[in-house]
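Novice: Just need the structure, nothing else, for what follows:
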Amino acid sequence: MAKIRAEIRLPTQELREDIPFFTKTLKMRMDMIYPADNPQVAVFSGHGLRLRIEKDAPESPGTLRILTDDPNGFAEGTRLLTAPNGTRVEIDELNPPLVMPETDHAFVVRRLADQAPWIIGRAGMQYRDLIPSRLGGSIIASHIRIPDGGPVPDMVHFHKVGFQLIFCIRGWVDVVYEDQGPPIRLRAGDCFIQPPEIRHRVLYASDNIEVVEIGVPAEHVTEIDHEMKLPTMHLRPMREWDGQRFVYNEADKAVWAPFRLPGFESRDTTIAENTKNVAGVHVIRRSEGAPVWATHDCDIHFSFVMSGTMTLEGEGKEPFDLSAGDAFVIPPGMKTRYSNPSPDIELMEVSLPGVFTTTM
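Specialist: Numbering: from 1, shown residues only. So this is what the prediction gives:
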């Protein structure tokens with residue numbers, strides 16, 4: 001196989017001034033310099049970069065970003081430098097802390113019949129935004145579908161998130177997770193909790209699969225892991241990532257119990273327990289009793305209609321007739337009622353935190 005090497009070329013007017021900056025200040029290695037009597041070109045390598053500094057090169061000086069877990073110990077703590085050749089150098093955190101925006105509370109109803117556009121996203125999947133405002137950046141909720149099943153062109157990757165849920169609405173999908181054994185088939189009614197930074201890969205999907213994906217915060221980084229091979233050799237179901245365990249909750253093993261609202265029952269997906277109350281997920285269906293008006297004190301309260309119909313009544317709002325594919329967010333303190341539920345009504349409810357107070 002032929003050897004290949006790549007370089008980034010940057011200009012300079014006086015190479016002698018650049019050498020100490022790139023070698024001493026930026027701690028890079030000089031690999032080549034020529035001609036010996038009057039150097040015009042030098043190559044430096046380090047931090048995953050290979051730079052060719054060339055006198056009178058036509059490019060602009062550009063910007064380099066160096067990420068380190070000790071930015072205060074690199075370049076004497078200076079976060080912004082300018083090389084003698086004009087190249088801007090930014091020093092930043094290798095793993096910056098996750099910023100959780102304050103929730104911008106709002107009453108949101110998103111109906112499938114309103115024909116919100118489907119956008120082509122990662123790995124060719126189609127995305128529909130269920131909370132356009134993102135509640136100030138605190139959450140993203142996506143309705144995702146793959147019309148034509150088969151192998152999914154995915155890679156081993158992970159997400160830098162505070163909380164992430166995958167709930168299967170229709171069809172099935174095979175996914176493999178770090179330290180969770182062989183590939184797992186997620187079917188309609190099942191859900192996964194993907195703890196922060198757990199490595200995983202989507203392998204194969206049925207035709208017309210649909211899932212709802214919840215991510216907190218709304219904007220979070222997805223990174224590809226080119227080194228890890230899945231499945232991993234170890235099975236560690238009790239392992240934690242940032243205090244959260246992987247959850248695979250199966251609908252056909254559900255235990256139903258009275259819900260917090262009269263007229264309904266629910267099955268707990270165990271997510272509150274396994275995320276240490278970061279979030280909770282319940283599936284809700286019709287039961288005995290009449291629906292009532294109620295409020296909650298939950299910071300984020302999101303629901304998705306999986307089947308059936310109902311009317312969502314809100315204090316000071318016109319009633320909304322909802323059906324499968326619709327979603328809504330109820331802010332804390334707002335009075336609402338789930339009226340006229342059909343016998344086949346089934347909702348998926350996501351709350352942050354997992355446990356909160358409901359007042360009738």
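Novice: what residue ranges in this structure score low on pLDDT?
Specialist: 122-124 (pLDDT under 70).
Novice: Show me which positions of the lengthiest helix in it end up buried.
Specialist: The longest helix of the chain (DSSP state H) is helix 15-20. Neighbour counts over helix 15-20 (16 or more other CB atoms under 10 Å) mark 15, 18-19 as buried. For every residue, glycine as well, the C-beta is placed using N, CA and C.
Novice: And the contacts of it?
Specialist: Residues outside helix 15-20 that contact it (CB atoms under 8 Å, 6 or more residues apart in numbering): 12, 30, 33, 39-42, 53, 55, 83-85.
Novice: would you turn the buried residues of helix 15-20 into TSV with distance to Gln115?
Specialist: Output for the buried residues of helix 15-20, formatted as TSV (distance: CB to CB, whole Å):
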residue	distance to Gln115
Leu15	60
Asp18	57
Ile19	61
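Novice: ok, those vs Thr63, which is closest?
Specialist: Asp18 (15.6 Å; CB to CB).
Novice: Name the next helix or strand downstream of the longest helix of the chain, please.
Specialist: Note on helix 15-20: by DSSP states H and E, the next helix or strand toward the C-terminus is strand 29-34.
Novice: follow-up on the earlier one: closest to Thr309 out of the contacts of helix 15-20?
Specialist: Lowest distance from Thr309 to the contacts of helix 15-20 (CB to CB) belongs to Ala83, with 64.2 Å.
Novice: gap between the residue nearest to the closest one when sequence neighbours are not counted and Gly86?
Specialist: Nearest non-adjacent residue to Ala83, counting by CB to CB, 6 or more residues apart in numbering: Phe21, 5.0 Å away. With the distance defined as CB to CB, to the nearest Å, Phe21 ends up 11 Å from Gly86.
Novice: so who does the closest residue to Val350 other than its chain neighbours touch?
Specialist: Spatial nearest neighbour of Val350, chain neighbours left out: Phe302 (4.6 Å); criterion: CB to CB, 6+ apart. By CB under 8 Å, 6+ apart, the residues touching Phe302 are 130-131, 139, 141, 214, 327-329, 349-351.
Novice: Need those residues in TSV (columns: distance to Asp252).
Specialist: Below are the contacts of Phe302 laid out as TSV (distance: CB to CB, whole Å):
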residue	distance to Asp252
Leu130	26
Ile131	29
Ile139	29
Ala141	25
Ile214	22
Ala327	25
Phe328	27
Val329	29
Glu349	20
Val350	21
Ser351	24
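Novice: Between these, which sits nearest Arg337?
Specialist: The shortest approach to Arg337 among those belongs to Phe328, at 12.5 Å (CB to CB).
Novice: which residues sit in contact with that closest one?
Specialist: 107-110, 302-303, 312, 320, 322.
Novice: Report the beta-bridge partners for it.
Specialist: As for beta bridges, Phe328 partners with Val109, Ser303 under DSSP bridges.
Novice: One more: Lys160?
Specialist: Beta-bridge partners recorded for Lys160 (DSSP bridges): Val221.
Novice: so the closest residue in space to Trp241 that isn't next to it in sequence, which of the three states?
Specialist: Closest residue in space to Trp241, ignoring its immediate chain neighbours: Pro195 at 3.6 Å, by CB to CB, 6+ apart. Here Pro195 is recorded as coil under DSSP: H, G, I helix; E, B strand; the rest coil.
Novice: and Pro195, how many neighbours?
Specialist: Around Pro195 there are 25 other residues, counting by other CB atoms under 10 Å.
Novice: Verify the contact between it and Asp242 for me.
Specialist: Yes - in this structure, Pro195 is within contact of Asp242 by CB atoms under 8 Å, at 6.4 Å.
Novice: picking that back up, and the residue nearest to Ala83, how close does it get to Pro353?
Specialist: Distance, Phe21 to Pro353, using CB to CB: 50 Å.
Novice: all helices of the stretch 151-300 of the chain, in order?
Specialist: Applying DSSP state H, counting those that start in this stretch to the stretch 151-300 of the chain gives helices spanning 271-274.
Novice: how far out from the middle of the chain is stretch 314-323?
Specialist: Counting by CA atoms, centre = their mean, to the nearest Å, stretch 314-323 is centred 30 Å from the centre of its parent chain.
Novice: how about the CA coordinates for it, as CSV?
Specialist: The C-alpha trace of stretch 314-323 is given here as CSV (Å, rounded to 0.1, in the frame of the first residue of the first chain):
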residue,chain,number,x,y,z
GLY,A,314,-55.2,24.1,28.7
GLU,A,315,-56.2,27.0,30.9
GLY,A,316,-56.7,30.0,28.7
LYS,A,317,-56.1,28.0,25.5
GLU,A,318,-58.4,26.6,22.8
PRO,A,319,-58.7,22.8,23.0
PHE,A,320,-56.4,20.8,20.8
ASP,A,321,-57.7,17.5,19.2
LEU,A,322,-54.7,15.2,19.1
SER,A,323,-53.9,12.0,17.3
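Novice: got the contact list for that stretch?
Specialist: Residues outside stretch 314-323 that contact it (CB under 8 Å, 6+ apart): 107, 109, 111-113, 293, 305, 308-313, 326, 328, 330, 334-336, 339.
Novice: buried stuff in it?
Specialist: Going by neighbour count (16+ other CB under 10 Å), the buried part of stretch 314-323 is 314, 322.
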